[in-house]
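Asks: Sequence and predicted model, in that order:
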Amino acid sequence: MKKYAVIDFSRTSLSLLVANEELNRLEIIFKTYRPVLIGDMVSKKEKLTEKGINKIISEALELIDSARSLEVDEIYGISTTLLRNIQNEAEVTSAIKEKTGLSVLSLSGKEEAYAAWYANEKYKMLDKAVLFDIGGTSTEICDFSRPYESDMISLDFGTSTIRNAFVKDVYPTKSEEEEIKSFVKGMLKEHVEKKDMENAVLSGSNMNALYKIYQDYYDVPKSHERLMQYKKLKKLIKVLMNDKQRSSLIIKNVPEKVHLIVPSAICLKVMLKYFNIGNITVSSYGVKEGFLKLLRKGDVKAEPLVIGERG
């Protein structure tokens, strides 16, 4: 039995996945993440500052130690959005390698979308199904009937960029909500073909956080099938826009997402309406799981940090 770990570097967090490979299949045994908002650590020249580099290295070392404590055999590093569009990618990856021993593979938007799609390919059996992964600084949309990387869509916005652009306080006001909806609609109209679908599969930490709130609000029993209905979600979003009701729900369930969960919900509502979707499934699998599956299949190549090695 072999044990793998994957650390994902994004612009809003570092996250860790640990999985066993047993009987030619992956079993996820541990997940965690550490919020790292580096927006103010990127210079006007789009370079990650020394402070930012040191911050992500510090967080990466903590996650590597967590992986080592679980006796993993190999640790892989991937970057979904951290390295995308910064001008000193080579400097950053070199510093991470030097201080941690970890090589970081930078994924393009389409590669990220494909990894998320591949992790969730079992849902292609659903009729007219589409995958949504609304991350911190990018959003991926994948039609399950179009299984090629070239068909995957990655949009240059996420809940963190939305919040920074439109929200002045902790939560969006009604007028800010309308601005967000208008922006997302515009992005969809410009980049995504509009057609009626029936099912949405949601992936990523923001969507899983939203489901936790949905599950609590509607007292949904725990199940391996995590489903939401569009009409109920719309009602919940109204609650999340209500000053008197939202804080207790959010802080009780996902306090680490207090700044991002409402923009996430607003973005999702627009996307569901754009595709006329009523049925929603929330997946536990995302980019890191997809990367591991592709790695084991031989479709991607990456250099691991083998347990016991350090720089």
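Replies: Sure thing, it's come through.
Asks: only C-alpha atoms for contact and neighbour calcs from this point on.
Replies: OK.
Asks: where do the helices sit along this protein?
Replies: 50-69, 89-100, 109-119, 159-166, 174-191, 205-217, 230-240, 246-253, 261-274, 287-297 (DSSP state H).
Asks: Residues contacting the fifth one, please?
Replies: Applying Cα atoms under 8 Å, 6 or more residues apart in numbering, the external contacts of helix 174-191 come out as 155, 162, 166, 167, 241, 263, 266, 267, 270, 271, 274.
Asks: that older thread, looking at the helices of the chain, which is closest to residue 82?
Replies: Nearest of those to residue 82, taken as Cα to Cα: helix 89-100 at 9.0 Å.
Asks: counting contacts, what elements does the closest one pack onto?
Replies: helix 50-69, strand 104-106 (3 or more Cα pairs under 8 Å, 6 or more residues apart in numbering; DSSP states H and E).
Asks: any idea which of those is most buried?
Replies: Most buried of the helices and strands packed on helix 89-100 by mean neighbour count (mean count of other Cα atoms under 10 Å) is strand 104-106; its value is a mean of 20.
Asks: picking that back up, so for residue 146, which of the helices of the chain sits nearest?
Replies: Checked against Cα to Cα, the stretch from those lying closest is helix 109-119, at 10.1 Å.
Asks: That closest one to helix 287-297, inter-axis angle?
Replies: Angle of helix 109-119 versus helix 287-297, following axes from the mean of the first three to the mean of the last three Cα atoms, to 10 degrees, is 80 degrees.
Asks: Name the spans of this structure whose pLDDT lies under the cut-off.
Replies: 23, 308-311 (pLDDT under 70).
Asks: Roughly how far does residue 246 sit from residue 115?
Replies: 33 Å (Cα to Cα, to the nearest Å).
Asks: Can you pick out the residue with more neighbours from the two?
Replies: Taking other Cα atoms under 10 Å, residue 246 and residue 115 do not tie; residue 115 has more neighbours (25 against 20).
Asks: and the contacts of helix 174-191, which two are the farthest apart?
Replies: Going by Cα to Cα, the pair spanning the contacts of helix 174-191 furthest: 155 and 241, at 25.1 Å.
Asks: What sits closest to residue 95 if chain neighbours are left out?
Replies: residue 53 (7.5 Å; Cα to Cα, 6 or more residues apart in numbering).
Asks: And the most centrally placed residue in the chain, how far from residue 104?
Replies: In the chain, the centroid-proximal residue (Cα atoms, centre = their mean) is residue 204; its distance is 3.7 Å. Separation of residue 204 from residue 104 (Cα to Cα): 20 Å.
Asks: Over to residue 187?
Replies: Distance from residue 187 to residue 104, by Cα to Cα: 30 Å.
Asks: can you check residue 243 too?
Replies: Taken as Cα to Cα, the span from residue 243 to residue 104 is 42 Å.
Asks: Residue 238 now?
Replies: Residue 238 is 40 Å from residue 104, by Cα to Cα.
Asks: next one: residue 122
Replies: 28 Å.
Asks: Same question for residue 85.
Replies: 15 Å.
Asks: Could you do residue 249 as well?
Replies: Distance from residue 249 to residue 104, by Cα to Cα: 37 Å.
Asks: Equivalent analysis for residue 226, please.
Replies: Taking Cα to Cα, one finds residue 226 at 32 Å from residue 104.
Asks: Domain parsing of the chain, as residue ranges.
Replies: Here the domain assignment for the chain is 2-108+288-306, 121-284, based on automatic domain parsing.
Asks: doesn't residue 99 make contact with residue 57?
Replies: Yes - contact criterion Cα atoms under 8 Å: residue 57 and residue 99 qualify, at 7.1 Å.
Asks: Dump the helices and strands packed on helix 89-100 to JSON lines, plus distance to residue 146.
Replies: Below are the helices and strands packed on helix 89-100 laid out as JSON lines (distance: least, Cα to Cα, whole Å):
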{"stretch": "helix 50-69", "distance to residue 146": "35"}
{"stretch": "strand 104-106", "distance to residue 146": "24"}
